[in-house]
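Peer 1: The sequence and its predicted three-dimensional model are supplied below.
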Amino acid sequence: MKKIKRFPAIDGSLGWYESIPNPIAPPIMQVSNNEHFDHIIVGAGFTGLSAAGRLAELEPDSKIAIIDALKVGQGTSGRNAGFIIDLPHILDSDDSNTEIDKHIQQLNCFAISRLDAIRQKQGDEIYWHQVGKYLAAHEEKHFKNLADFTKKLESIDAEYTLFEGSELEARLGTSYYKKAVYTPHNVLVNPAALVCSVAKQLPKNVTIFEDSKITSVDWKTKHLFVNGNTLTANTIVLATNSFTEEFGGCKNKLAPIFTYASLTRKLKKSELKLLKNVAPWGVTAAHPAGSTVRLTPDNRILIRNSFDVLTKLISNQKLINKAKSQHRKSFLSRFPFLSNVDFEHSWGGMLCMTMNHEPVFNERHSGVYSIAAMNGVGIAKGTYLGYYMAEMINGIKSKDLDFILNYSDPSWVPPDPIKSMGAIVRLSFEQRLAKGEK
């Protein structure tokens, strides 16, 4: 028997969740009885929902459950910056090669097409915009990262355009960035709205339990203890990301990092004119520790930066306020002409990283499977990993599954306190290096 001591929490005011357009709140179903399922998925993010959806397609007569400690849309999947990136991300670029990059691109595009079909079927307003993204630099010393990225793009024959100076300013409405690589097929969304839309499309043989904390597990008997009740299953999938080691789904593999975001109120028409009425856009920084920035379709500005190593996997208002202060500085450096625009929401969420940027994707115990560590690209990667985990459970072989299995071997990280101390030193160094991009 393993007791669970750390649980997901609401870390601040969750801007994406609070600003879901036309929200419809279905009744919350919690675990209230002892029950048996064919499959139980722990975690109602993109990964868990994708696994459940594919299992339901393959096994329409199976009884499937999804369990989450929070409400759908409140977890990590609903707190990211809302980029669905079609290309190999800058975070995945260290030791990759052309064939690997092309396969990652193919899998990302598969995930985007699957999510696109779901949201079109649902008809939900989730601010789905295939408007591309900019990998941008403020300081010349980071232009090299842009050049390295263009080499990667050329090696896989990916489209891109370089913008700089006044031409870049005309596209973004700010003169802060000096140079950027624009790639056209990235999708921007409200991630909390999208994850709720994905949850709503699941068939009737899938039950979602929300606000249901698993307090202990027995992997030998596949028992989950929730709210004083016991759930059992033939197969369990841990789609718990940063909490996977807490469940025993892997050991000494994960390096969870807290990051923070702030979202402004809606801009007024007069303020949009100061931005030269540019179309919605998204920017990621040339240095990974820099700021991610978005102008959203509902006329808000998102700033995401700042990092913490928190072993309890929970933040607090003091740390959120500290990050919010940095967000304000970052906002004013880019938009000094919008000094009257306040942040309406500020929150924290976790990036689940591994040392070599490879995910966890395995059968940890007999009939107990683990998926974790999206390494900063959770919407696309979580969607295709969940899909192919369901295929693996059903014995369906493919080149894509073989690829995932071959490149899902995260390297070892030392246990705490060494892990946390090393991560703090590394993050401090990277944040100083990325100062101008922050």
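Peer 2: Received the coordinates, thanks.
Peer 1: residue contacts, the residue nearest the centre of the chain?
Peer 2: Most central in the chain under CA atoms, centre = their mean is Gly378, positioned 3.5 Å from the mean C-alpha point. By CB atoms under 8 Å, 6 or more residues apart in numbering, the contact list for Gly378 reads 45-47, 76-77, 80, 241. C-beta here means a position set from N, CA and C on the backbone, and glycine is covered the same way.
Peer 1: now it: how far from Thr311?
Peer 2: Counting by CB to CB, to the nearest Å, the gap from Gly378 to Thr311 is 21 Å.
Peer 1: do the same with Ser346
Peer 2: According to CB to CB, Ser346 stands 22 Å off from Thr311.
Peer 1: Please identify the helix or strand for Thr44.
Peer 2: Wrong residue type there; residue 44 is Ala, not Thr. Taking DSSP states H and E as the definition, one finds Ala44 inside no helix or strand.
Peer 1: still on that earlier bit, show me the contacts of Gly378 that map onto helices.
Peer 2: Judged by DSSP state H, the contacts of Gly378 include 46-47 as members of helices.
Peer 1: between Ser346 and Thr311, which one's more packed in?
Peer 2: The neighbour count for Ser346 versus Thr311, taken as other CB atoms under 10 Å, is higher for Ser346 (23 against 12).
Peer 1: That one pairs with what?
Peer 2: On the basis of DSSP bridges, Ser346 is bridged to Ser262.
Peer 1: wait, what's in contact with it?
Peer 2: 12-13, 15, 260-263, 320-321, 323-324, 327.
Peer 1: Relative to Lys322, how far out is it?
Peer 2: Distance from Ser346 to Lys322, counting by CB to CB: 10 Å.
Peer 1: Not including adjacent chain positions, what is the nearest residue to Val368?
Peer 2: Spatial nearest neighbour of Val368, chain neighbours left out: Ile236 (4.9 Å); criterion: CB to CB, 6 or more residues apart in numbering.
Peer 1: Actually, Pro256.
Peer 2: Ser242 (3.8 Å).
Peer 1: Verify the stated contact: that neighbour with Gly75.
Peer 2: No. Contact criterion CB atoms under 8 Å: Ser242 and Gly75 do not qualify, at 10.0 Å.
Peer 1: When those two are compared, which one has more neighbours?
Peer 2: Neighbours per residue (other CB under 10 Å) separate Ser242 from Gly75, with Gly75 holding more: 27 against 23.
Peer 1: How about the contacts made by that one?
Peer 2: Gly75 sits next to 8, 43-45, 68 when contact means CB under 8 Å, 6+ apart.
Peer 1: With neighbour count added, can I get those in TSV?
Peer 2: Formatted as TSV, the contacts of Gly75 follow (neighbours: other CB atoms under 10 Å):
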residue	neighbour count
Pro8	22
Gly43	31
Ala44	30
Gly45	34
Asp68	27
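Peer 1: Quick one: the helices in the stretch 301-438 of the chain, in order.
Peer 2: Taking DSSP state H, counting those that start in this stretch, the helices of the stretch 301-438 of the chain run over residues 317-334, 378-393, 399-406, 418-433.
Peer 1: and among these, the most buried is which?
Peer 2: Mean neighbour count (mean count of other CB atoms under 10 Å) peaks for helix 378-393 among the helices of the stretch 301-438 of the chain, with a mean of 25.
Peer 1: on that earlier part again, least reliable of the helices of the stretch 301-438 of the chain by average pLDDT, please.
Peer 2: For the helices of the stretch 301-438 of the chain, mean pLDDT drops lowest on helix 418-433, to a mean of 84.
Peer 1: Give the buried residues for stretch 276-293.
Peer 2: 281-293 (16 or more other CB atoms under 10 Å).
Peer 1: Mind putting those into TSV with secondary structure?
Peer 2: Below are those laid out as TSV (DSSP: H, G, I helix; E, B strand; the rest coil):
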residue	secondary structure
Trp281	strand
Gly282	strand
Val283	strand
Thr284	strand
Ala285	strand
Ala286	coil
His287	coil
Pro288	coil
Ala289	coil
Gly290	coil
Ser291	coil
Thr292	strand
Val293	strand
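Peer 1: Next, the buried residues of the host helix or strand of Ala56.
Peer 2: Assigned by DSSP H and E, Ala56 belongs to helix 46-58. For helix 46-58, the neighbour count (16+ other CB under 10 Å) marks 46-56 as buried.
Peer 1: okay, that helix in CSV with CA atoms only?
Peer 2: What follows is helix 46-58, C-alpha atoms only, in CSV (Å, rounded to 0.1, in the frame of the first residue of the first chain):
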residue,chain,number,x,y,z
PHE,A,46,-4.8,16.3,-22.3
THR,A,47,-2.9,13.1,-21.8
GLY,A,48,-5.5,11.3,-19.7
LEU,A,49,-8.4,12.5,-21.8
SER,A,50,-6.6,11.4,-25.0
ALA,A,51,-5.9,7.9,-23.5
ALA,A,52,-9.5,7.6,-22.4
GLY,A,53,-10.9,8.7,-25.7
ARG,A,54,-8.8,6.3,-27.7
LEU,A,55,-9.6,3.4,-25.3
ALA,A,56,-13.3,4.2,-25.7
GLU,A,57,-12.9,4.1,-29.5
LEU,A,58,-11.1,0.8,-29.4
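Peer 1: for it, what is the average pLDDT?
Peer 2: The pLDDT scores in helix 46-58 average 98.
Peer 1: got the contact list for whatever helix or strand comes next after that helix?
Peer 2: Note on helix 46-58: by DSSP H and E, the next helix or strand toward the C-terminus is strand 64-67. For strand 64-67, the surrounding residues in contact (CB under 8 Å, 6+ apart) are 31, 35, 37-44, 48-49, 52, 55-56, 202, 205-209, 212, 214, 224, 226, 231, 233.
Peer 1: Show me what the residue nearest to Val368 is bridged to.
Peer 2: Ile40, Val368.
Peer 1: count of residues packed around it?
Peer 2: By the criterion of other CB under 10 Å, Ile236 has 27 neighbours.
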